[in-house]
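for reference, the sequence and a predicted model appear below.
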Amino acid sequence: MALITIDSVSRAFEDTKRKQVVTALDNVSLKVERNDFLCLLGPSGCGKSTLLNMIAGFDNPSSGTVSVGGSIVSAPGADRGVVFQQANLMPWLPVWENVAFHLKMRNVAKPERRERAQRFIEMVGLKGFENHFPSELSGGMNQRVGIARALLMNPEVILMDEPFGALDEQTKMDMHAELIRIWRESRSTIVFVTHGIDESLALGTHVAVMSARPGRIRELLPIELDRPRDPTSTEFNDYKRHILSLLRPEAVTELA
Ligand SMILES: Nc1ncnc2c1ncn2[C@@H]1O[C@H](COP(=O)(O)OP(=O)(O)OP(=O)(O)O)[C@@H](O)[C@H]1O
Ligand SMILES: [Mg+2]
């Protein structure tokens, strides 16, 4: 059985101000197997965040179901860790307390919180920065804290919504390498939202290419490229060309 099953999911938002209904997702079905790294790729407004939020349990489908580990999702849970576009850290807490934040919510004593945070701080390469505050770190380092915080709960699934969107190209590439290492080490399953074709091909075992309004899955592509992935290789560019051909018709109609 697939770890995540999205079965005929539609989501319509009522726009009361304009008296119309926005269909963000239309009959989306998708399966994610354990240890997959699925990238949801599509243009702005195609419903990527809507879909991710429904897996996270922040939102519910208008019709259809989302299941994780065999249970239908209706609320957030510790089996799903979320990493947002902005790290959303507590600026008044040092790195280790941010990483262990969920444990504090569960009234775990400080020495245990400190100890359990350490493994994940090291996993994301922040050893030596345990007592720094978010304002003393770079954007990429803050994102690493957000990833460590999500990993600490040992979730089955990590959900990431354009987590590296604000980073420069070089830092982004470093973070990609780091994330692949973490994904392997933690044996987790990742669903990663992006609008970057290169980013999806650098990371995913699969890329789900979405179409704009109403959001649908245009194609689910298994990516059979060796790692580390070489964006200059012929094979990488063959995938890129194919994805562009799927996305281009929309770009043309949007420009018209
Ligand atoms: N809470 C909401 N109320 C009304 N409409 C919404 C709501 N959330 C999303 N939408 C609409 O649903 C559509 C999909 O939005 P969504 O945020 O999922 O897109 P996205 O693919 O994540 O875009 P981006 O790449 O810009 O983040 C958009 O047309 C948006 O206006
Ligand atoms: Mg979004």
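Looks like it came in fine. Ligands and ions are numbered 1, 2, ... in the order given.

show me where the stretch 101-250 of the chain has helices.
101-105, 110-123, 139-152, 169-186, 197-203, 234-255 (DSSP state H, counting those that start in this stretch).

give me the number of residues near the residue of the stretch 151-256 of the chain at minimum distance from ligand 1?
At 5.2 Å from ligand 1, residue 195 is the closest residue in the stretch 151-256 of the chain, using CB to the nearest ligand atom. Glycine gets a C-beta too; all of them are placed from N, C-alpha and C. Neighbourhood size, residue 195 [other CB atoms under 10 Å]: 17.

got the contact list for it?
Shown in contact with residue 195 (CB atoms under 8 Å, 6 or more residues apart in numbering): 41-44, 48, 162.

next, give me the two most distant ones among the residues you listed.
By the measure CB to CB, 43 and 162 form the most distant pair in the contacts of residue 195, at 12.8 Å.

more neighbours: the two, which one.
residue 162 (19 against 16).

that one and residue 195, how far apart?
7 Å (CB to CB, to the nearest Å).

ok, residue 129 next?
30 Å.

before we move on, what about residue 80?
Residue 80 is 22 Å from residue 195, by CB to CB.

what do you get for residue 74?
28 Å.

can you check residue 93 too?
From residue 93 to residue 195 the distance is 31 Å (CB to CB).

identify the bridge partners of the residue nearest the centre of the chain.
Central residue of the chain (CA atoms, centre = their mean): residue 160, 1.8 Å from the mean position. Counting by DSSP bridges, residue 160 is bridged to residue 83, residue 192.

quick one: residue 7 is in a helix?
No - counting by DSSP: H, G, I helix; E, B strand; the rest coil, one finds residue 7 to be strand, located in no helix.

name the residues of stretch 12-23 that come out as buried.
residue 23 (16 or more other CB atoms under 10 Å).

contact partners for the closest residue to residue 36 other than its chain neighbours?
The shortest distance from residue 36 to any non-neighbouring residue, by CB to CB, 6 or more residues apart in numbering, is to residue 205 (5.2 Å). By CB under 8 Å, 6+ apart, residue 205 lies in contact with 35-38, 222-223.

contact residues of the protein facing ligand 1?
The chain has residues 13, 15, 22, 24, 42, 44-50, 195 near ligand 1, with proximity defined as CB under 6 Å from any ligand atom.

kind regards, and thank you for your time.
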